[in-house]
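Asks: after the sequence you'll find the predicted model.
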Amino acid sequence: MKYIAPRGTVDILPDKIDGWIGLENILRTIAENYNVKEMRTPIFEHTELFNRAVGDTTDVVSKEMYSFEDKKGRSITLRPEGTAGIARSYVENKMYALPEKLQKVFYMGPMFRYERPQSGRQRQFHQFGVEMLGIESPYVDVECMMMALNIVQALNIRDVTLHINSLGDEASRDAYREALKDHFRPHLKELCYDCNTRFEKNPLRILDCKTDKDHPAMKSAPCTIDYLTETAKAHFDKVCELLDALEVKYVIDPNMVRGLDYYSHTIFELISDASVLGAGSTIGGGGRYNGLVEELGGPATPGVGFAFGMERLIIAMNNNHLESQHIDVYVMPLGEESKDYSMQLMAALRANGYCADMDFADRGLKGQFKSADRFVARFSFIIGEDEVENETITVKDNITKEQKQIKVEEIIDFLDSKLGVR
Ligand code: AMP
């Protein structure tokens with residue numbers, strides 16, 4: 001039998017890992033700049049959590065979850081998104097009682113959705129997400145958007161537009177739901193079976209139907225903004241005012257609802273024009289979710305957050321600004337005795353903070369120089385019989401192409417002078 005990775009999963013091979021680590025490092029640095037701490041929650045949770053938090057009429061829950069029974073018959077689900085787990089943990093660990101009222105956290109890791117795999121869409125994919133829990137303020141909404149925009153900027157991803165909208169508070173959404181029902185009622189016969197169910201249970205979800213997305217009634221559907229209560233409108237106006245003051249360009253997208261049920265008030269997406277992204281032009285999105293923590297049994301606690309698809313970030317950033325991996329020294333032993341000597345030399349180099357590797361394949365100089373090139377080694381250390389006997393190293397500077405003999409006891413000083421003390 002031939003073993004292949006399950007459909008919709010991807011191996012990240014060593015030649016692609018630099019891009020991932022580079023991305024992760026940039027995300028961590030930005031999180032630090034925004035005083036956002038990492039939080040790690042389990043990869044699987046009880047299925048009810050997602051039914052409750054994400055909503056059982058959403059596509060994510062009703063069609064895309066990886067759910068199974070464990071050996072005790074409990075229904076378990078591989079997380080399809082990160083917010084539900086964070087909110088569950090926030091309640092379980094009473095983070096609402098912490099002295100710092102605004103808890104700012106990030107997560108990074110794999111998510112699972114049973115979707116049709118295509119360019120920019122996988123069944124196991126990765127998200128970097130941020131959640132800010134505890135304070136209901138348009139300033140925090142904008143703090144989230146600024147962080148998301150900072151990420152895009154730091155990764156040098158161009159042609160990205162911030163799209164925003166507001167779903168308002170509960171009263172706004174009640175009014176909007178009624179308006180949607182009035183709008184879609186005359187078209188029910190033309191809409192798909194799922195939309196008919198959604199009409200009864202959760203009319204907002206009709207708007208993200210993939211089957212009926214081109215039906216004319218979709219385009220003419222009422223806009224959320226027209227149904228905002230005064231308080232909800234004031235919140236949204238303040239968000240826009242703050243973005244204006246920060247000279248952030250954005251587009252108000254009155255038809256955007258986002259695919260998860262927990263959102264209220266501000267929602268946003270970062271949409272890229274990059275054609276490389278294919279179907280995945282939304283590289284990230286998020287919004288406010290003021291009811292979620294209470295829904296999960298905690299005290300009424302506002303929250304706002306966003307998540308980026310990391311595969312899409314990798315595609316969009318095109319690796320061009322990342323430094324490629326290089327090593328300081330490639331050690332080239334010529335003969336058995338030289339190998340022992342080389343192992344000791346590598347131990348000393350690494351103990352002094354230098355990044356070193358050597359040939360383990362007993363090749364001649366030509367093959368070893370090829371590896372030094374592939375590893376982008378700054379120096380090659382050639383160790384033949386003479387070098388072992390005289391306790392010297394033939395050092396080749398791979399930039400200037402100069403070659404010289406250096407006494408082994410002077411080698412660390414030499415590297416320190418060339419590369420800086422580690
Ligand atoms: P969501 O949690 O649905 O708001 O998605 C947030 C971001 O995750 C999206 O904008 C995408 O960048 C990414 N994403 C969602 N689903 C997938 C998937 N199946 N494959 C790759 N990326 C995804």
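Replies: That came in fine, so what should we check first?
Asks: low-scoring stretches of the stretch 251-400 of the chain, by residue?
Replies: 278-280, 319-324 (pLDDT under 70).
Asks: and it, which residues reach the ligand?
Replies: When proximity is defined as Cβ under 6 Å from any ligand atom, the stretch 251-400 of the chain approaches the ligand at Gly259, Gly280, Thr282, Ile283, Gly284, Gly285, Ala307, Phe308, Gly309, Glu311, Arg312. (Each C-beta comes from the backbone N, C-alpha and C, glycine too.)
Asks: can you redo those as a markdown table with neighbour count, secondary structure and distance to Gln368?
Replies: Listed next are these as a markdown table, based on neighbours: other Cβ atoms under 10 Å; DSSP: H, G, I helix; E, B strand; the rest coil; distance: Cβ to Cβ, whole Å:
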| residue | neighbour count | secondary structure | distance to Gln368 |
| --- | --- | --- | --- |
| Gly259 | 17 | coil | 54 |
| Gly280 | 20 | coil | 42 |
| Thr282 | 18 | strand | 47 |
| Ile283 | 27 | strand | 42 |
| Gly284 | 25 | strand | 44 |
| Gly285 | 21 | strand | 49 |
| Ala307 | 21 | strand | 45 |
| Phe308 | 26 | strand | 41 |
| Gly309 | 24 | strand | 41 |
| Glu311 | 22 | helix | 36 |
| Arg312 | 27 | helix | 39 |
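Asks: show me the contacts for the residue of the stretch 301-422 of the chain found nearest the ligand.
Replies: The stretch 301-422 of the chain approaches the ligand most closely through Gly309 (2.3 Å), counting by Cβ to the nearest ligand atom. Neighbour list for Gly309: Gly120, Phe125, His126, Gln127, Gly280, Thr282, Ile283, Gly284 [criterion: Cβ atoms under 8 Å, 6 or more residues apart in numbering].
Asks: what is the nearest of the residues of the stretch 251-400 of the chain next to the ligand to Ala179?
Replies: Gly259 (20.0 Å; Cβ to Cβ).
Asks: about what we covered before: which pair in the residues of the stretch 251-400 of the chain next to the ligand spans the largest distance?
Replies: Gly259 and Glu311 (17.8 Å).
Asks: what parts of the stretch 101-250 of the chain come near the ligand?
Replies: Residues of the stretch 101-250 of the chain lying near the ligand (Cβ under 6 Å from any ligand atom): Arg113, Glu115, Gly120, Arg121, Gln122, Phe125, Gln127.
Asks: what about the helices in the stretch 301-422 of the chain?
Replies: With DSSP state H, counting those that start in this stretch as the criterion, the stretch 301-422 of the chain has helices at 310-317, 336-351, 365-374, 385-390, 411-419.
Asks: can you check the stretch 151-300 of the chain too?
Replies: 170-184, 193-201, 216-219, 230-245, 292-295.
Asks: ranking those helices by burial, who's on top?
Replies: Highest mean neighbour count of the helices of the stretch 151-300 of the chain: helix 292-295, a mean of 22 (counted as mean count of other Cβ atoms under 10 Å).
Asks: and of the helices of the stretch 151-300 of the chain, who's closest to Thr47?
Replies: Closest of the helices of the stretch 151-300 of the chain to Thr47 is helix 292-295, at 15.6 Å (criterion: Cβ to Cβ).
Asks: distance from that closest one to the middle of the chain?
Replies: Offset of helix 292-295 from its chain centre (Cα atoms, centre = their mean, to the nearest Å): 24 Å.
Asks: I'd like to know which elements it is packed against.
Replies: helix 83-92 (3 or more Cβ pairs under 8 Å, 6 or more residues apart in numbering; DSSP states H and E).
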